[in-house]
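**Q** Okay, here's the prediction I keep looking at, along with the sequence it came from:
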Amino acid sequence: MASASGVTVVGGGVIGLSAAWFAARDGFDVTVVDRASPHGGSWVAGGMLAPITEAWPGDEDVLALGVESLELWPGFAASLGVPLSPVGTLAVAVDTADAGVLDQLCAYLAKMGRKADRVTRRELRELEPGLGPSVRSGLSVPGDLSVDNRALLDALRRACAENGVRFAEQSTVDSWVTVIAAGAWSRDLHPALKDVIRPVKGEILRLRARPGALPPPKHTIRAHVSGRPVYLVPREDGLVLGATQYEAGFDADVTVGGVRDLVRDAEVVWPAVAEYALAECAAGFRAGSPDNAPVIRWLEPGVLAATGHHRNGLLLAPVTARRVLDLLREAREGGHG
């Protein structure tokens, strides 16, 4: 019989690694099983920690959970030695219809008691002089953060290793508890997830600022351009440009149309991208769920789920790891799993 301390975490993305790190620090004997797919959502992600600008009517539970997790992020990142960008997000609009979307978001945030400031065209250019001439209005959300997702994954793996977590490509141990944290692939790991989790494809680009080009913006920029959402997340040497979103199973191809739409819309918002180098095109799979909320609960004795985070995997990593640890502790103290 497995001892009440052996935990196998299936999935080495940000959710799996965060849960493994928290559990190992608490005295659990942890193994992470991971095949390191280049299409994992954590690896491909833009790194926005932005529950306010991601908010939308009907997703109140997701908003509340995101705000709770955002409050944990400064301590979470400091423990890992990972820097955060505290500059915030500008959500901008190009045409009348796009501005109407921002009006809806602003009214909803006010109703929910969340802070977002309307800014004029002139005020936007004072904040980010490189914005395109078609950008007409926007919202400033100063509380949003962003993080370099790949630096975060490296730091989490180091933290896991320093706390005794083992890594394997397949499970060979009879663990007390298995935590399913394999993102979009979780649906194939337990019958209870089969009709709950689905892959949502997203194409995303990494652009490198070439010598002489205007540097990337200081803020994360989110925009609607002719109804299409696009975001630009600054990095030290360029920016991350994303993302398309549609359901196509596990089709890992980056389409010409996806790249075209992202580059065209980004150039409207930040014209200098035309001078940048196209450093990477990638497709990743988010783990969609019916209500856009994650599944963090027991599936059966000995099997926990921590999946279904959709666009919010990085944002919800600290709160998910804490909830998984709470469930593990309750099981250990109750003598069950």
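**A** Thanks, I have it.

**Q** Show me where this structure has its helices.
**A** Along the chain, counting by DSSP state H, helices occupy 14-25, 41-44, 60-80, 96-111, 121-127, 149-162, 256-269, 317-334.

**Q** Kindly reformat these as CSV containing mean neighbour count and mean pLDDT.
**A** To be clear about C-beta, it is placed using only N, CA and C from the backbone, and glycine gets the same treatment. Formatted as CSV, those follow (neighbours: other Cβ atoms under 10 Å; pLDDT from 0 to 100):
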stretch, mean neighbour count, mean pLDDT
helix 14-25, 28, 98
helix 41-44, 23, 92
helix 60-80, 17, 96
helix 96-111, 15, 88
helix 121-127, 13, 94
helix 149-162, 18, 98
helix 256-269, 18, 96
helix 317-334, 19, 96
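
**Q** of those helices, which approaches Ser140 most closely?
**A** With Cβ to Cβ, the closest approach to Ser140 among the helices of the chain belongs to helix 121-127: 7.1 Å.

**Q** Identify the residues contacting the closest one?
**A** With contacts defined as Cβ atoms under 8 Å, 6 or more residues apart in numbering, helix 121-127 is touched by 90, 92, 119, 131, 135-138, 140, 218-219.

**Q** related to what we said a few turns ago, which of the helices of the chain sits closest to Ala277?
**A** Among these, the nearest to Ala277 by Cβ to Cβ is helix 256-269 (12.3 Å).

**Q** From the contact counts, what lies against the closest one?
**A** Helices and strands touching helix 256-269, by 3 or more Cβ pairs under 8 Å, 6 or more residues apart in numbering; DSSP states H and E, are strand 198-208, strand 220-225, strand 228-235, strand 238-242.

**Q** before we move on, the earlier item: of the contacts of helix 121-127, buried ones?
**A** Buried by 16 or more other Cβ atoms under 10 Å: 90, 92, 119, 131, 135-138, 140, 219, out of these.

**Q** For the helices of the chain, give me CSV that also has distance to Pro294.
**A** Listed next are these as CSV, based on distance: least, Cβ to Cβ, whole Å:
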stretch, distance to Pro294
helix 14-25, 8
helix 41-44, 12
helix 60-80, 8
helix 96-111, 21
helix 121-127, 33
helix 149-162, 17
helix 256-269, 26
helix 317-334, 6
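
**Q** can the helices and strands packed on helix 256-269 go into CSV with extra columns for distance to Gly113?
**A** Formatted as CSV, these follow (distance: least, Cβ to Cβ, whole Å):
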stretch, distance to Gly113
strand 198-208, 29
strand 220-225, 21
strand 228-235, 24
strand 238-242, 29
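
**Q** wait, which of those is closest to Ala277?
**A** Across the helices and strands packed on helix 256-269, Ala277 has its closest neighbour in strand 198-208 (4.4 Å, Cβ to Cβ).
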